[in-house]
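Q: 3D, please:
(chains A and B, ligands or ions: 2)
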Number of protein chains: 2
Amino acid sequence: MGSYTTSSSPSKLLFRQLFETESSTYTYLLADALHPEKPALLIDPVDKTVDRDLALVKELGLKLVYAINTHVHADHVTGTGLIKTKVPDVKSIISKASNAKADLFVEPGDKIYFGDIFLEVRATPGHTLGCVTYVTGDGPNQPQPRMAFTGDTLLIRGCGRTDFQGGSSGKLYDSVHSQIFTLPKDTLVYPAHDYKGFTVSTVGEEMLYNPRLSKDKETFKNIMQNLNLSYPKMMDVAVPFNMLCGLQET
Amino acid sequence: MGSYTTSSSPSKLLFRQLFETESSTYTYLLADALHPEKPALLIDPVDKTVDRDLALVKELGLKLVYAINTHVHADHVTGTGLIKTKVPDVKSIISKASNAKADLFVEPGDKIYFGDIFLEVRATPGHTLGCVTYVTGDGPNQPQPRMAFTGDTLLIRGCGRTDFQGGSSGKLYDSVHSQIFTLPKDTLVYPAHDYKGFTVSTVGEEMLYNPRLSKDKETFKNIMQNLNLSYPKMMDVAVPFNMLCGLQET
Ligand SMILES: [Fe+2]
Ligand SMILES: [Fe+2]
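A: Numbering: from 1, shown residues only, chains lettered A, B, ... in the order given. Ligands and ions are numbered 1, 2, ... in the order given. Next comes the predicted model:
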């Protein structure tokens, strides 16, 4: 995919974490506050909180460019479709591997620029086949410490389930260990959900204290096999919508 | 009150925002991560999430020194009493003006040091008579931008009610305008509660977009007089407990 704009001017991340109570989903607003247009993106917006998010974008004087998903969610309807009806210039983004619809598709190694700041795309399948983690760039003028938007791949002291949507506990383990735990230890971990009131963690902390992913692979697979989770109540509604970028086909 | 320790070594804030779902309360963990003892404090801990908070303190290798309240809460029982039974060296702190019990009492202008970082105390009555706002210090090695822990005085796009506990809408208006809106505009606003999924705001944003406090004083007083709020269900339990630092007198 193309990149929004690049120049050598200084960049400064404006960052907001937003919470949707019903599905305990975190939406993230990122913008380059020093760029004259203040280009912004939303990661994992939820349909129910689109009005809140767009009001904030407006109050902060940002230009929303992208609405991005980490994966095809099963617990809420993505806000990307609704955002596009309200702000037509916004482009939706999802991974090519998700097989979902969107305006732009990303693959591992791609960079998503907003102003002079970028997110790099890392493939982290396991919760779903198409899950990706978006990581802020490594380089001058990029946020320090780095930030990893891990979706449901890595949660704070937990991880997403692996028993449907092409899930695989072995793949999730390999994804986390090869694509996330190899980042600098002070990298901030921002997941798509939290159910205990945590807002952020770090790679170093999860390597030590994640009760599932700090274990060896066989132990992890056993843990995941014995979770006995119930079927998510939103799944049959949410997944078909989210495969179409949150919009019903007309 | 005394200060924990002072030296001229460098400081680096470790910061965590934590959420208690039932009362929508934010608890804040702050520590000086570069100090050899990693001294830490908790602002507005909730009794129900004390175990989560203390586990995090332990995992991060911090030494919890203070458990602090912004005011006598009416919607939840403070965690300070429970924390003191589990970590006996911790000192509880509240404002002298609150008339509540605690180990240490602070007055406007006092500085609370943890390592080389400090919070300054600002009197912000109006939601209750004893409400204070804790603001990170102004000076070398102090966090930039500054951070204001505003309790229920200033919420994101809102404010605490002023119809009981010695509340006064006129006082709250004056507190916010003289003690908070005079801080640098990029000061981060971290309130004790949020009910819409916001995690942080800035002084500049609230000056412009707070639907109550951006108005003139008479309009504000009218808004507050016509809120018609119901009596908080936890009040008759929480306030007597919180006057005693979260512990029933024996
Ligand atoms: Fe998911
Ligand atoms: Fe309160």
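
Q: Would you mind confirming that residue A:72 is in contact with residue A:100?
A: Yes: distance between residue A:72 and residue A:100: 5.1 Å, which falls inside the contact criterion (Cβ atoms under 8 Å). In short, each C-beta sits where N, CA and C put it, glycine included.

Q: Overlap of the contact sets of these two?
A: A:94, A:130, A:242-243 (Cβ atoms under 8 Å, 6 or more residues apart in numbering or on different chains).

Q: Let me see the ranges of the strands in chain A.
A: Here chain A has its strands, by DSSP state E, at A:13-20, A:25-32, A:39-43, A:63-68, A:91-95, A:104-106, A:111-114, A:117-123, A:132-136, A:147-151, A:188-191, A:201-202.

Q: and residue B:148, which of those strands is closest to it?
A: Closest approach to residue B:148 among the strands of chain A (Cβ to Cβ): strand A:13-20, 16.7 Å.

Q: ok so, going back, relative to ligand 1, which of the shared contacts of residue A:72 and residue A:100 is nearest.
A: residue A:242 (9.4 Å; Cβ to the ion).

Q: tell me the contacts of that closest one?
A: Per Cβ under 8 Å, 6+ apart, neighbours of residue A:242: A:69, A:72-74, A:77-78, A:100.

Q: Quick one: distance of the lowest-mean-pLDDT helix or strand in chain A to the chain centre.
A: The helix or strand of chain A with the poorest confidence is helix A:235-243; it has a mean of 91 (mean pLDDT, DSSP states H and E). Here the centre of helix A:235-243 is set off from its chain's centre by 17 Å, with Cα atoms, centre = their mean, to the nearest Å.

Q: buried sites along it?
A: With burial defined by 16 or more other Cβ atoms under 10 Å in any protein chain shown, the residues of helix A:235-243 counted as buried are A:238-239, A:241-243.

Q: Also stretch A:157-167?
A: A:157-162, A:165-167.

Q: what mean pLDDT would you report for it?
A: Throughout stretch A:157-167, pLDDT has a mean value of 94.

Q: which bits of chain A sit near chain B?
A: A:16-21, A:49, A:52, A:56, A:59-60, A:196-200, A:205, A:208-209 (Cβ under 8 Å from any Cβ of the partner chain).

Q: Is the closest residue to residue A:42 other than its chain neighbours bridged to anything, and to what?
A: In this structure, residue A:42 finds its nearest non-sequential neighbour in residue A:67, 5.1 Å apart by Cβ to Cβ, 6 or more residues apart in numbering or on different chains. Here residue A:67 sits in beta bridges with residue A:42, residue A:92, going by DSSP bridges.

Q: measure residue A:67 to residue B:72 for me?
A: Here residue A:67 is placed at a distance of 43 Å from residue B:72 (Cβ to Cβ, to the nearest Å).

Q: The two: who's more crowded?
A: residue A:67 (30 against 25; other Cβ atoms under 10 Å in any protein chain shown).

Q: returning to that earlier point: closest to residue B:86 out of the buried residues of helix A:235-243?
A: residue A:238 (40.7 Å).

Q: Thought residue A:69 was touching that closest one, still the case?
A: No: counting by Cβ under 8 Å, residue A:238 stays clear of residue A:69, with 11.7 Å between them.

Q: in chain A, which ranges drop under the pLDDT threshold?
A: Residue ranges of chain A with pLDDT under 70: A:1-11, A:248-250.

Q: how about residue A:90, what does it touch?
A: A:64-67, A:83-84.

Q: what's the most distant pair in these?
A: Going by Cβ to Cβ, the pair spanning the contacts of residue A:90 furthest: A:65 and A:84, at 12.0 Å.

Q: In terms of neighbours, single out the busier of the two.
A: Shown here are residue A:65 and residue A:84; by other Cβ under 10 Å, residue A:65 has more neighbours (25 against 19).

Q: ok, for residue A:48, nearest residue in space, not its chain neighbours?
A: Using Cβ to Cβ, 6+ apart, the closest residue to residue A:48 is residue A:20 (6.1 Å).

Q: how many other residues sit next to that neighbour?
A: If we define neighbours as other Cβ under 10 Å, then residue A:20 has 22 of them.

Q: which residues pair with it across the strands?
A: residue A:25.

Q: can you pull the contacts of it?
A: Going by Cβ under 8 Å, 6+ apart, the list of residues near residue A:20 reads A:26-27, A:46, A:48-49, A:76, B:197.

Q: try 10 Å this time
A: A:26-27, A:44-49, A:52-53, A:76, A:79, A:193, B:196-197 (Cβ atoms under 10 Å, 6 or more residues apart in numbering or on different chains).

Q: Among those residues, name the buried ones.
A: Applying 16+ other Cβ under 10 Å to these flags A:26-27, A:44-49, A:52-53, A:76, A:79, A:193, B:197 as buried.

Q: Next, count neighbours for the closest residue to residue A:96 other than its chain neighbours.
A: Excluding the flanking residues, the one nearest residue A:96 by Cβ to Cβ, 6+ apart is residue A:105, at 4.1 Å. Around residue A:105 there are 18 other residues, counting by other Cβ under 10 Å.

Q: got the phi/psi numbers for the one residue in chain A that gets nearest to ligand 1?
A: The nearest approach of chain A to ligand 1 comes at residue A:152, 3.8 Å away (Cβ to the ion). Torsion angles at residue A:152 (phi, psi; degrees, to the nearest 10) stand at phi -100, psi 10.

Q: Residue B:226 versus the closest residue in space to it that isn't next to it in sequence, what's the distance?
A: Using Cβ to Cβ, 6+ apart and skipping the chain neighbours, the partner closest in space to residue A:152 is residue A:160 (3.0 Å). Distance, residue A:160 to residue B:226, using Cβ to Cβ: 46 Å.

Q: repeat for residue A:181
A: 54 Å.

Q: Among those two, which residue is more densely surrounded?
A: residue A:181 (18 against 7).

Q: could you dump the contacts of residue A:242 to JSON lines with distance to residue A:125?
A: Formatted as JSON lines, the contacts of residue A:242 follow (distance: Cβ to Cβ, whole Å):
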{"residue": "A:69", "distance to residue A:125": "15"}
{"residue": "A:72", "distance to residue A:125": "12"}
{"residue": "A:73", "distance to residue A:125": "15"}
{"residue": "A:74", "distance to residue A:125": "15"}
{"residue": "A:77", "distance to residue A:125": "22"}
{"residue": "A:78", "distance to residue A:125": "19"}
{"residue": "A:100", "distance to residue A:125": "14"}
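
Q: Go through these and give me the one with the most neighbours.
A: residue A:78 (31 neighbours).

Q: Which of the strands of chain A sits closest to residue B:214?
A: strand A:13-20 (19.6 Å).

Q: orientation of that closest one relative to strand A:117-123 in degrees?
A: Interaxial angle of strand A:13-20 relative to strand A:117-123 (axes from the mean of the first three to the mean of the last three Cα atoms, to 10 degrees): 50 degrees.

Q: how far does strand A:13-20 sit from the chain's center?
A: 12 Å.

Q: Residue A:198 contacts residue B:19, correct?
A: Yes: counting by Cβ atoms under 10 Å, residue B:19 is a contact partner of residue A:198 at 8.0 Å.

Q: and stretch A:184-192, how far apart are its ends?
A: Taking Cα to Cα, to the nearest Å, stretch A:184-192 runs 20 Å from one end to the other.
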